[in-house]
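Novice: Quick one, structure for this:
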Amino acid sequence: MTLPGLAIDADGRLSRLPLLLGLAGLLPFLFTAAAAWLAPVAWQVVAIKAFLAYAAVILSFLGGVQWGVAMSLESAGSAAFRARLLLSMAPSLIAWPALLLHPLNGAWVLASGFVLVRLHELGRDSRETLPTWFQSLRNLLSVVVLVCLAAVIWRLAGY
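Specialist: Residues are numbered from 1 along each chain as shown. Model (predicted):
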């Protein structure tokens, strides 16, 4: 059994770098979600704003991943190339407007965006194109991000 995020490098060796970077990318989600509950009230407001901004940045980044996949792994001009490039724009077009909404509504929009991206990544074309380690890592990261979003949504809903 291998850990999620362990990639095979060019020399055929396992690389922990994707796992470490993915886990490091979770730290702002974890810290700001916790601060939304535990910090003094004035800092909770800042934490929620920071959380939503970071979530929007990461959701946009996931679109960039798809752009990179299209540019490097799809045949230029193919239907798969065009579809992946078009879909790569969706995350940023979801993330940016989410920041303009009331924080509770924006958090729901961001959560929906993360779910939609993950569903796309789980589709047949992505399963055939992306390495297995990427899928395992994205499963782990998506679960943690969605749990953090749920905690912030719960906090914003006043529970």
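Novice: Show me the strands in the protein, by range?
Specialist: With DSSP state E as the criterion, the chain has strands at 7-8, 14-15.
Novice: With Val57 as the reference, measure out to Ala95.
Specialist: 8 Å (Cβ to Cβ, to the nearest Å). (Glycine included, C-beta is placed from N, CA and C.)
Novice: okay, these two: which has more neighbours?
Specialist: Ala95 (25 against 13; other Cβ atoms under 10 Å).
Novice: That one is in contact with Leu62, isn't it?
Specialist: No: judged on Cβ atoms under 8 Å, Ala95 makes no contact with Leu62 at a distance of 9.2 Å.
Novice: quick one on the thing from earlier: just the strands of the chain: most buried one?
Specialist: With neighbours taken as mean count of other Cβ atoms under 10 Å, these reach their highest mean count in strand 7-8, at a mean of 16.
Novice: Buried residues, stretch 35-42. List them.
Specialist: Neighbour-count burial for stretch 35-42, counted by 16 or more other Cβ atoms under 10 Å, picks out 35-36, 39.
Novice: would TSV of the residues you listed with pLDDT be doable?
Specialist: TSV is the format used below for the buried residues of stretch 35-42 (pLDDT from 0 to 100):
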residue	pLDDT
Ala35	98
Ala36	98
Ala39	97
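Novice: tell me the contacts of Leu73?
Specialist: Contact analysis of Leu73 by Cβ atoms under 8 Å, 6 or more residues apart in numbering lists Thr129.
Novice: that older thread, ok, which of the strands of the chain comes nearest Glu128?
Specialist: Across the strands of the chain, Glu128 has its closest neighbour in strand 7-8 (17.1 Å, Cβ to Cβ).
Novice: name the helices or strands packed onto the closest one?
Specialist: Judged by 3 or more Cβ pairs under 8 Å, 6 or more residues apart in numbering; DSSP states H and E, strand 7-8 is in contact with strand 14-15, helix 132-156.
Novice: Now do it: distance to the chain's middle.
Specialist: Its chain's C-alpha centre lies 20 Å from the corresponding centre of strand 7-8 when counted by Cα atoms, centre = their mean, to the nearest Å.
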